[in-house]
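Enquirer: Below are the sequence and a predicted model; questions follow.
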Amino acid sequence: MDAPAPEPPLRPIAAAGPEPVTKTCPACGFVQEHWAQICPKCEYLWPDPNQDPDGSQARLAQFQDQLATKAPFPTLTMGIICANVAIYLAMLLTGVHFLKPGVPDLLTWGANLGSATTSGQWWRLFTCTFLHIGLIHLLFNMYVLWDIGRFIERLIGAAGFAAVYLLAGLAGSIASMWWNPFVVSAGASGAIFGLYGCLIGYLLAGSRDIPEDVAKNLKKNALMFLGYNLVWGLTHRELDMAGHLGGLLGGLACGFVMATRFRVHGPEARPRINLQVLAFGLAILALAAALRPKTVDLQRELARFSETEIKVQASYNLALQKARSNALSDAEFAHLVETEVIRPWHSARLRLEGVHGLPEIQARLLSRIERYAETREQAWNRLSEALRLQDLEGIQQANALQADADRQAKSLRD
């Protein structure tokens, strides 16, 4: 038996004139009953005049439902989320703190750091996008990724989504390496900002597969999200804004190019366009990474200087011991100080002076170490000169400089 036709909703009795019997769909022009909520021809959703006067929210929800019907399960988005969670759990199993992982742990697992990355470990630009600095960081990023990732994957397809996510993530990592080379960075934020950038670029290009009022609503929502997060980032210095903006610009470029090319060549050209965007984007990012000068690893430089200091001090103490036991003449003692102490020390000091571009805190530390190294070298030079001239006062001056250098060394250790 056929189902009964739906009855029109009851209307309150009004003193006004008779209600219209039909109405015309603004999307397709189909004439339908005045009480209909969905156009039977094009599925246009009529707005609720009380809650959604212009119907934009209703049509946005309808558009999202239509996308979900075409691609019910966002496989790639879920796969990326699972990969991030799996890496976090693996970190926990190795003893990494669940809220505040240490810098050595993050670097071991693939975080981005200018000195390490530019030394040849370029894979960090990719691995850092799957690494998170604690549970809260992970949960927030995965929540946002699930929200925007599903939509973008359904909008441009899994292949296009993969290309945008990869390029935006790398763009964020490279931007961070350029602007924050001495900061350890990790997280999917750059790639996530890139997805929002992709959506905005897609809308700016005037994509025909998104209704105009839906596009306006999507653009407004995306800009609100980005505006809030950018303001939040500018007021919280611990956030890597360079990575966020790099990912955003990378995704924006991808979305704009994709939508423009899709509009010209049609949906059947999507695989070719996705591949072109990926290849061209990787080439640009590789050039941007290659142009970054090698970042100085201050910790490694200080460790090298410390090794030199230990060797030089050992050589000096041995020569001094021989001189005090009369195994060396003053001239021989001076010669050993000049060749085995001053010469390697001077080279190590010049290497430290060649280190530039450090953040303020590290620069101040390096400046103190340089002053210490210079004082120590002055003491040895004065000693060598006094020994050759048999200058007792010069030897006393050298001892005073050595005592000053010892005080500076103690201050550095404290």
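Expert: Here it is on my side, so go on. Numbering: from 1, shown residues only.
Enquirer: residue boundaries of the helices in the stretch 101-250 of the chain?
Expert: Taking DSSP state H, counting those that start in this stretch as the criterion, the stretch 101-250 of the chain carries its helices at 103-108, 114-117, 124-127, 135-179, 189-204, 212-235, 241-265.
Enquirer: could you dump the first one to PDB, C-alpha only?
Expert: This points to helix 103-108. The C-alpha trace of helix 103-108 is given here as PDB (Å, rounded to 0.1, in the frame of the first residue of the first chain):
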ATOM      1  CA  VAL A 103      64.000  18.500  24.500                       C
ATOM      2  CA  PRO A 104      66.400  15.400  24.100                       C
ATOM      3  CA  ASP A 105      63.400  13.100  23.800                       C
ATOM      4  CA  LEU A 106      61.700  15.300  21.200                       C
ATOM      5  CA  LEU A 107      64.900  15.500  19.100                       C
ATOM      6  CA  THR A 108      65.300  11.700  19.400                       C
END
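Enquirer: Return the distance of it from the chain's centre.
Expert: Here the centre of helix 103-108 is set off from its chain's centre by 16 Å, with Cα atoms, centre = their mean, to the nearest Å.
Enquirer: which other residues reach that helix?
Expert: In this structure, residues lying in contact with helix 103-108 by Cβ atoms under 8 Å, 6 or more residues apart in numbering are 91, 94, 96-97, 111, 113, 116, 131, 133, 184, 186. Placement of C-beta: from N, CA and C, glycine included.
Enquirer: Enumerate the positions of that helix that are buried.
Expert: Buried residues in helix 103-108, counted by 16 or more other Cβ atoms under 10 Å: 105-107.
Enquirer: Could you list the single helix or strand in this structure with the lowest mean pLDDT?
Expert: Between all helices and strands in the chain, the lowest mean by mean pLDDT, DSSP states H and E belongs to helix 56-70, at a mean of 67.
Enquirer: can you tell me which residues contact the spatially most central residue of the chain?
Expert: By Cα atoms, centre = their mean, the chain has its centre lying nearest to Gly243, at 3.4 Å. Counting by Cβ under 8 Å, 6+ apart, Gly243 makes contact with 172-173, 175-176, 180, 185, 187, 189-190.
Enquirer: sorry, back to before: nearest to Ala288, out of the helices of the stretch 101-250 of the chain?
Expert: Shortest distance between Ala288 and the helices of the stretch 101-250 of the chain, using Cβ to Cβ, is found for helix 135-179: 5.3 Å.
Enquirer: pLDDT of the closest one, averaged?
Expert: For helix 135-179, mean pLDDT is 95.
Enquirer: Repeat that for stretch 342-349.
Expert: 96.
Enquirer: same check, this time on stretch 273-280
Expert: 96.
Enquirer: List the buried residues of that stretch.
Expert: 273-274, 277-278.
Enquirer: which of the residues you listed sit farthest apart?
Expert: Across the buried residues of stretch 273-280, no pair lies farther apart than Ile273 and Leu278, at 9.6 Å, counting by Cβ to Cβ.
Enquirer: where in this structure is pLDDT low?
Expert: 1-21, 26-29, 34-37, 41-60, 62-64, 66-68, 70-72, 207-209, 213 (pLDDT under 70).
Enquirer: Against Leu76, how distant is the nearest residue in space to Leu252 that is not next to it in sequence?
Expert: Distances taken as Cβ to Cβ, 6 or more residues apart in numbering place Gly197 nearest to Leu252, at 3.7 Å, with adjacent residues excluded. Per Cβ to Cβ, to the nearest Å, Gly197 is found 18 Å from Leu76.
Enquirer: Mind checking which of those two has more residues around it?
Expert: The neighbour count for Gly197 versus Leu76, taken as other Cβ atoms under 10 Å, is higher for Gly197 (28 against 18).
Enquirer: measure the more buried one to Gly250 for me?
Expert: In terms of Cβ to Cβ, Gly197 sits 7 Å off from Gly250.
Enquirer: hey, what's in contact with both of those two?
Expert: Ala168.
Enquirer: from what I can see Arg351 touches Phe305, true?
Expert: Yes: in this structure Arg351 lies within contact range of Phe305 using Cβ atoms under 8 Å: 7.4 Å.
Enquirer: hang on, the earlier thing: return the most buried member of the helices of the stretch 101-250 of the chain.
Expert: Mean neighbour count (mean count of other Cβ atoms under 10 Å) peaks for helix 189-204 among those, with a mean of 27.
Enquirer: who are the neighbours in contact with the closest residue to Gly194 other than its chain neighbours?
Expert: Spatial nearest neighbour of Gly194, chain neighbours left out: Ala168 (2.0 Å); criterion: Cβ to Cβ, 6+ apart. Residues near Ala168 by Cβ under 8 Å, 6+ apart: 190-191, 193-195, 197-198, 247-248, 250-251, 254.
Enquirer: again, but for Ala186
Expert: Applying Cβ under 8 Å, 6+ apart, the residues near Ala186 are 106, 110-112, 128-129, 131-133.
Enquirer: repeat that with 6 Å
Expert: The contact partners of Ala186, by Cβ atoms under 6 Å, 6 or more residues apart in numbering, come to 106, 111, 128, 131, 133.
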